[in-house]
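> Let me see the structure of the following:
(one chain, ligands or ions: 2)
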Amino acid sequence: MAKPTFMVQQYPWLIKYFASRNPIHLLVMVLPLLVYLLNTAVAGALPVTSWIVMLGLGVFWWTFLEYAIHRWAYHSRYPFKWMHALMGSFHLYHHVDMSDRRVYNAGFLMVYFIAPVVMAPMWLVTGSLAMTAAFGLGILGAYYAYEWVHYLLHYKIYGGGYLGWIQRYHLYHHERRPDKNFGNSNALWDLLLGTHDPAHKTFTVSAKAEATMISKQGAKA
Ligand SMILES: [Zn+2]
Ligand SMILES: [Zn+2]
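Numbering: from 1, shown residues only. Ligands and ions are numbered 1, 2, ... in the order given. Just a heads-up that it's a prediction; the model follows:
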């Protein structure tokens, strides 16, 4: 069977907008959004408890979004070829070519498009722009940590600890079961929603996957 071609391969300039080669590049591009949210939340003079609750809820909400986007948007089967070519560019291409470091992180346009949508529920519930902004900061903080985790687990092989564990978890998803273990920073929603495969615990990363690590790619941009 011929390998699928994704839109990002046909139009490589799209990578600039929909992917990032590392989390620092991404942070620079989304800084205006962060400054706006911080300014809005601070201007609302929220009590400390509201800050804590909103940031905490934002982090928790992200853990679900991370799972939901990966499982139901990136790994969905799309009825039309063009849809598959477009949506596959966001993640399935990363499955096909793990050595292309240009797509290890999401692009800034994705953040600008998705942030208002995922923050909207808090606006609907509280009607407060300041609380919604604090909630958004929680989401973005957890999201940014997730981008670093994904970057680092494609950086080099880790023996143990959190990075060693999440690396086997994610690379098991890559190499063996793309229909399991959708969490990229935690296993919570896989456990709750029946997609957790414990075989990642005894999984050994293949030499082929190891060869794709950033640390093995030399100075390639
Ligand atoms: Zn990956
Ligand atoms: Zn995947």
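
> Wasn't His95 part of a strand?
No: counting by DSSP: H, G, I helix; E, B strand; the rest coil, His95 is not part of a strand but helix.

> Could you count how many residues lie near it?
Other residues within reach of His95, judged by other CB atoms under 10 Å, total 14. To be clear about C-beta, it is placed using only N, CA and C from the backbone, and glycine gets the same treatment.

> residue contacts, it?
Residues near His95 by CB atoms under 8 Å, 6 or more residues apart in numbering: 174, 178.

> quick one, strands of the protein?
With DSSP state E, the ranges of strands along the chain come out as 19-20, 105-106.

> now the last one: mean pLDDT?
To tie it back to what came earlier, the one meant is strand 105-106. The average pLDDT within strand 105-106 is 85.

> Buried deepest among the strands of the chain, which one?
strand 19-20 (a mean of 26; mean count of other CB atoms under 10 Å).

> related to what we said a few turns ago, now the strands of the chain in TSV, with distance to His174?
Compiled in TSV, those are given as follows (distance: least, CB to CB, whole Å):
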stretch	distance to His174
strand 19-20	17
strand 105-106	16
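
> Which among the ones you listed is found nearest to Leu92?
Closest approach to Leu92 among these is made by strand 19-20 (12.9 Å; CB to CB).

> List the contacts of that closest one.
Identification of contacts with strand 19-20 by CB under 8 Å, 6+ apart yields 8, 26, 29, 102-108, 147.

> ok, longest helix in this protein?
As assigned by DSSP state H, the longest helix anywhere in the chain is helix 129-153.

> List just the nearest of the contacts of strand 19-20 to Val48.
Using CB to CB, the contacts of strand 19-20 come closest to Val48 at Glu147, 27.9 Å.

> OK, contacts around the closest one?
Contacts of Glu147 by CB under 8 Å, 6+ apart are 20, 23, 26, 105-106.

> separation between it and Ser185?
9 Å (CB to CB, to the nearest Å).

> swap in Gln10?
Plainly put, Gln10 is 31 Å away from Ser185 if you go by CB to CB.

> Same drill for the two, tell me which one is more crowded.
Neighbour totals were compared for Gln10 and Ser185, and Ser185 leads with 22 against 10 (other CB under 10 Å).

> okay but the more buried one is in contact with Leu65, surely?
No: Ser185 lies out of contact with Leu65 (CB atoms under 8 Å); the separation is 11.3 Å.

> so where do the helices sit in this protein?
Going by DSSP H, the chain shows helices at 7-10, 15-18, 23-43, 48-68, 81-87, 92-96, 108-126, 129-153, 161-175, 188-192, 207-210.

> got the contact list for the residue nearest to Arg71 when sequence neighbours are not counted?
In this structure, Arg71 finds its nearest non-sequential neighbour in Phe182, 4.4 Å apart by CB to CB, 6 or more residues apart in numbering. The contact partners of Phe182, taken as CB under 8 Å, 6+ apart, are 67, 70-71, 75, 173, 189-190, 195.

> one step back: could you dump the helices of the chain into JSON lines and include distance to Ala199?
JSON lines is the format used below for the helices of the chain (distance: least, CB to CB, whole Å):
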{"stretch": "helix 7-10", "distance to Ala199": "30"}
{"stretch": "helix 15-18", "distance to Ala199": "32"}
{"stretch": "helix 23-43", "distance to Ala199": "29"}
{"stretch": "helix 48-68", "distance to Ala199": "19"}
{"stretch": "helix 81-87", "distance to Ala199": "27"}
{"stretch": "helix 92-96", "distance to Ala199": "18"}
{"stretch": "helix 108-126", "distance to Ala199": "31"}
{"stretch": "helix 129-153", "distance to Ala199": "18"}
{"stretch": "helix 161-175", "distance to Ala199": "7"}
{"stretch": "helix 188-192", "distance to Ala199": "12"}
{"stretch": "helix 207-210", "distance to Ala199": "16"}
